[in-house]
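>>> Quick one: sequence plus predicted model below, questions after.
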Amino acid sequence: MKPVMYCPRIRSRGDVTTGFMGAEQLYQPAYQTGQASAYKQAALNGLLGADAQRQAYSEFQSSPGTQWLQNRQQQSILNNAPH
């Protein structure tokens, strides 16, 4: 049997692969968020069917940001209404 020789190219390739896998895991949360956003956008646009569109629009209307905006608008109307 011949002894196994150390090959720097093989080790370098392994280091690059390991580094790439680590970087891929680092960006996984951002990737998943983007995928979820694309799905919600497609649902809002009706690309996933009428039921998905109704559900997405309902979630949008009940979201904290939309509720806050509606409250601000109502308060503004009440503040500017003639007394």
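Perfect, thanks for sending it.

>>> Which secondary structure state does the residue nearest the centre of the chain sit in?
Nearest residue to the geometric centre of the chain (CA atoms, centre = their mean): residue 33, 1.6 Å. Three-state call for residue 33 (DSSP: H, G, I helix; E, B strand; the rest coil): helix.

>>> Run a quick neighbour tally on residue 43.
20 (other CB atoms under 10 Å). C-beta: built from backbone N, CA, C; applies to glycine.

>>> For it, give me its contacts.
By CB atoms under 8 Å, 6 or more residues apart in numbering, the residues touching residue 43 are 52-53, 55-56.

>>> Okay, and which of those map to helices?
Among the contacts of residue 43, the members falling in helices are 52-53, 55-56 (criterion: DSSP state H).

>>> What subset of those residues is buried?
52-53, 56 (16 or more other CB atoms under 10 Å).

>>> Show me where this protein dips below the pLDDT cut-off.
Scanning the chain with the threshold set as pLDDT under 70 gives 1-15.

>>> ranges for the helices of this protein?
Counting by DSSP H, the helices of the chain are 8-26, 28-44, 50-61, 64-80.

>>> now the shortest one and helix 64-80, what's the angle there?
What it means is helix 50-61. If you take axes from the mean of the first three to the mean of the last three CA atoms, to 10 degrees, helix 50-61 sits at 50 degrees to helix 64-80.
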